[in-house]
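K.L.:
Sequence first, predicted model second:
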Amino acid sequence: MGPQNLPERVRIVRERIAAAARAAGRTVDSITLLAISKAHPAESVRAAAAAGLGHFGESYLQEGLQKLEALRDLPLTWHFTGRLQANKTRPVAAAFAWVHGVDRLRIAQRLSEQRPFHAPPLNVCLQVNIAGEESKGGVTPAELRDLAPAVAELPRLKLRGLMCIPPEEHDVLRQRAWFARLRHELESLNAAGAGLDTLSMGMSGDFEAAILEGATIVRIGTALFGPRPPAAAEAG
């Protein structure tokens, strides 16, 4: 799909988000559309920005940094959405505004230590492996209760909330059940005084169900940009 098709794709996704928000009794302004642009060229991001999108997510570090540089003239908010390795925290801490998927205290500590002092605190979401799948990152709910307060104390980070990648489901009720689990975890932390405001959950195949369960950020790639091309091996 070429960039010329993006305005219509953006319109359709926004209409679906608005409909889900109405069904949930929520305002559409309470939901951020995060366009997952990994493996798509900078020109597609520029076209999406021209269609009104402002938040973009990258999972491959070198590719993401190249896009940040190529699109520096645009007022975009960049989110790192991939699983972060300890040897790659410094450029992420320096370049991105958000990191989704933090699941180890050491990673959070490095991000805090390496966040430039002239920049605002780095927004982070903790990834919860809500279904206990071995193939996915994230902490268990039990581990979350220790990790969240430890991350919240780090000086150059702002712990915003939780994220998850649940099992792929086609039944809306089953989709909602996974997202409800993450919402319950956030509510439990907030009952203890955490003050979290973000649920990063829902992708192209299930974001309406996520909105019904309280998602504040939905991470949409395929529905906006079409299928990803075969990913090239990440350099560096």
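P.N.:
Received the coordinates, thanks.
K.L.:
Quick one: mean pLDDT over the one helix or strand Ala210 maps to.
P.N.:
Counting by DSSP states H and E, the element that carries Ala210 is helix 207-212. Averaged across helix 207-212, the pLDDT comes to 98.
K.L.:
Show me where this protein has its strands.
P.N.:
32-36, 55-58, 77-80, 98-102, 122-127, 157-163, 198-200, 217-220 (DSSP state E).
K.L.:
Adding distance to Phe179 and mean neighbour count, write these out as TSV.
P.N.:
Quick note: C-beta positions are derived from backbone N, CA and C, even for glycine. Converted to TSV, the strands of the chain look like this (distance: least, Cβ to Cβ, whole Å; neighbours: other Cβ atoms under 10 Å):
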stretch	distance to Phe179	mean neighbour count
strand 32-36	16	23
strand 55-58	18	23
strand 77-80	19	22
strand 98-102	15	25
strand 122-127	14	25
strand 157-163	11	23
strand 198-200	8	25
strand 217-220	11	25
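K.L.:
List just the one of those that sits closest to Gly64.
P.N.:
Smallest distance to Gly64 across these (Cβ to Cβ): 3.1 Å, for strand 55-58.
K.L.:
Give me the helices and strands touching that closest one, please.
P.N.:
Counting contacts by 3 or more Cβ pairs under 8 Å, 6 or more residues apart in numbering; DSSP states H and E, strand 55-58 packs against strand 32-36, helix 42-50, helix 61-70, strand 77-80.
K.L.:
May I see the ones you listed organised as TSV, with distance to Asp197 and mean pLDDT added?
P.N.:
Shown next, in TSV, are these (distance: least, Cβ to Cβ, whole Å; pLDDT from 0 to 100):
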stretch	distance to Asp197	mean pLDDT
strand 32-36	11	98
helix 42-50	25	96
helix 61-70	25	97
strand 77-80	15	98
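K.L.:
Let me have those in JSON lines, extended by distance to Gly25.
P.N.:
Listed next are the helices and strands packed on strand 55-58 as JSON lines, based on distance: least, Cβ to Cβ, whole Å:
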{"stretch": "strand 32-36", "distance to Gly25": "18"}
{"stretch": "helix 42-50", "distance to Gly25": "29"}
{"stretch": "helix 61-70", "distance to Gly25": "36"}
{"stretch": "strand 77-80", "distance to Gly25": "27"}
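K.L.:
Quick one, which of the ones you listed gets closest to Phe207.
P.N.:
Closest approach to Phe207 among these is made by strand 32-36 (9.0 Å; Cβ to Cβ).
K.L.:
Tell me how far stretch 219-230 lies from the chain's centre.
P.N.:
Offset of stretch 219-230 from its chain centre (Cα atoms, centre = their mean, to the nearest Å): 14 Å.
K.L.:
how about that stretch: buried residues?
P.N.:
Neighbour counts over stretch 219-230 (16 or more other Cβ atoms under 10 Å) mark 219-221, 223-225 as buried.
K.L.:
any low-confidence regions in this protein?
P.N.:
For the chain, residues meeting the criterion pLDDT under 70 lie at 1-4, 229-236.
K.L.:
For Leu147, give me its contacts.
P.N.:
103-105, 126, 139 (Cβ atoms under 8 Å, 6 or more residues apart in numbering).
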